[in-house]
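[1] need coordinates for the below:
(chains A and B)
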Amino acid sequence: MMEAAVIPPFEHFYTDHRDEVFGVLVKRLGRQRAEDAFQETFLRALRAYGALRHGEHLRAWVLTIARNVAVDSFRREKPTVELEEPIDRDLPRRPAYAELEHLTGELPPTERAAVVLRYAYDLPYAAIGAALGSSEEAARQAASAGVRRIRKKEHA
Amino acid sequence: MTIPTDLDHRFREAAEREGLVDVAYDVAESPIGDLLVAATDRGLCRIAFRPDAALDELAADFGARVLKLPKRLDGVRRELDEYFAGHRHEFDLETDLSPVPAFHQQVLHELARVPFGQVTTYGALAARVGRPHAARAIGGAMNRNPIPIVLPCHRVIGSNGSLTGYAGGLDKKEALLRLEGVTL
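    Numbering: from 1, shown residues only, chains lettered A, B, ... in the order given. Here you go, the predicted model:
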């Protein structure tokens, strides 16, 4: 109960971040598509909100969700185009994240996001799944695949 | 970039449609100041005189998915308006007291039977729940009443006729009793 208490009411989380998220989405997708992406971003966040175990790094988390929603939106629009976007473009610079950067830099985007959200931001897999637009199990697999890939590279 | 108002509304409606909200709330104007009113799927769960502080409590009691959804509170707002206009003497609202300890729930159910325009005492209420010496515990239950006005703790006063106390402030207790025509 102690830990649960530090998760802010969703209304506060939403009003704190909605303008920034909308700005990011408009910049990436244009005004029209940003509106759908905005709704999808906060619905994904709301679906996972009950699974959060602490209230830290929520800004990084919602911006990651927004980024993934934007990528999905691009894919739907232009299925053959591969995006070369750095995952951290909109994330705040934090020491925990920076410490992992040299390890995760070369991972595929999904694995990289899963590893960073799990090990730098300490989010539960259900919340990571929501951020990635997949399931808790898929998030767990992406994180462990990412870790395996890092280990393999370290030992190579 | 400030989001458009209609986009904000669409998100809130979609959240409700998908059943993703633990607690819906709104802020209602009243003659005794702004009131936060909140409901779960089971019913009205909170009326608070200090809207800002109440959201954290709601999150702790019912789940963190607390969202402002004015439409869900239409019925509550309407009955409160009627009450403050003097047209309604009884509320016809489902309530959700699930986080309230069992004894306090029993006290609140008994409290709900104290009619409009009448007062009782902490001691009398204690006797009615079979704990005649528990006037102090009754005071505690009143103090933590999550749904004041609808569960009328303002109708409970000290045995010497003094107003004693009110979580929302004694001025509000007095205003509610005057509204109900109680001579103080």
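
[2] where does the residue nearest in space to the middle of chain B sit: helix, strand or coil?
    Centroid-nearest residue in chain B, with Cα atoms, centre = their mean: B:I147, separated by 2.0 Å. Under DSSP: H, G, I helix; E, B strand; the rest coil, the three-state class of B:I147 is coil.

[3] my guess is it contacts B:A48. True?
    No - at 9.4 Å, B:I147 does not count as touching B:A48 under the criterion of Cβ atoms under 8 Å. The way it works is simple: take the backbone N, C-alpha and C, and place the C-beta from them, glycine included.

[4] circling back: mind listing the residues bridging to the residue lying closest to the residue nearest to the centre of chain B once chain neighbours are set aside?
    Closest residue to B:I147 apart from its sequence neighbours, by Cβ to Cβ, 6 or more residues apart in numbering or on different chains: B:I47 at 5.2 Å. B:I47 has these beta-bridge partners by DSSP bridges: B:V37.

[5] the residue nearest to the centre of chain B and A:V6, how far apart?
    Going from B:I147 to A:V6 by Cβ to Cβ, to the nearest Å gives 26 Å.

[6] which pLDDT does the model give residue 85?
    Chain wasn't specified; assuming chain A. We have a pLDDT of 50 for A:E85.

[7] looking at chain B here, not the other one
    97.

[8] how much space separates A:R59 from A:P124?
    17 Å.

[9] re the thing from before, hmm, the residue nearest to B:I147 is touching B:L36, no?
    Yes - using Cβ under 8 Å, B:I47 is in contact with B:L36, at 7.0 Å.

[10] returning to what we had before: if I pick the residue nearest to B:I147, what's in contact with it?
    B:35-38, B:146-150 (Cβ atoms under 8 Å, 6 or more residues apart in numbering or on different chains).

[11] so which of the residues you listed is the most crowded?
    Within the contacts of B:I47, most neighbours by other Cβ atoms under 10 Å in any protein chain shown means B:A38, with 30 neighbours.

[12] which residues touch residue 140?
    No chain in the question, so chain A it is. The contact partners of A:R140, taken as Cβ under 8 Å, 6+ apart, are A:Y125.

[13] actually, chain B is the one I wanted.
    Here B:G140 is in contact with B:H104 (Cβ under 8 Å, 6+ apart).

[14] got the residues of chain B near chain A?
    Contact residues (Cβ under 8 Å from any Cβ of the partner chain) of chain B with chain A: B:1-4, B:7-8, B:10-11, B:14-15, B:18, B:20-22, B:25, B:55-56, B:58-60, B:63-68.

[15] now, those residues that are in helices?
    If you go by DSSP state H, the residues of chain B next to chain A have B:7-8, B:10-11, B:14-15, B:55-56, B:58-60 in helices.

[16] out of those residues, who has the most neighbours?
    Neighbour max across these (other Cβ under 10 Å) = B:L58, 26 neighbours.

[17] mind checking how far that one is from A:H17?
    Relative to A:H17, and taking Cβ to Cβ, B:L58 is found at 20 Å.

[18] out of the contacts of B:I47, which is nearest to B:E90?
    Nearest to B:E90 out of the contacts of B:I47 is B:V150 (Cβ to Cβ; 9.7 Å).

[19] how about the nearest residue to that closest one once chain neighbours are set aside, what does it touch?
    Excluding the flanking residues, the one nearest B:V150 by Cβ to Cβ, 6+ apart is B:F91, at 4.8 Å. Contact analysis of B:F91 by Cβ under 8 Å, 6+ apart lists B:79, B:83, B:150.

[20] nearest spatial neighbour of the spatially most central residue of chain A, skipping sequence neighbours?
    Centroid check for chain A by Cα atoms, centre = their mean gives A:T64 as the closest residue, at 2.8 Å. Distances taken as Cβ to Cβ, 6+ apart put A:A131 closest to A:T64, at 4.7 Å, once the chain neighbours are dropped.

[21] so that neighbour versus chain B, what's the distance?
    16 Å (Cβ to the nearest Cβ, to the nearest Å).

[22] what about that residue, helix or strand, and which?
    helix A:125-132 (DSSP states H and E).

[23] go through the helix or strand just after that helix and flag the buried ones.
    Later in the chain than helix A:125-132, the nearest helix or strand by DSSP H and E is helix A:136-155. Neighbour-count burial for helix A:136-155 flags A:136, A:138-143, A:145-147, A:149-150 (criterion: 16 or more other Cβ atoms under 10 Å in any protein chain shown).
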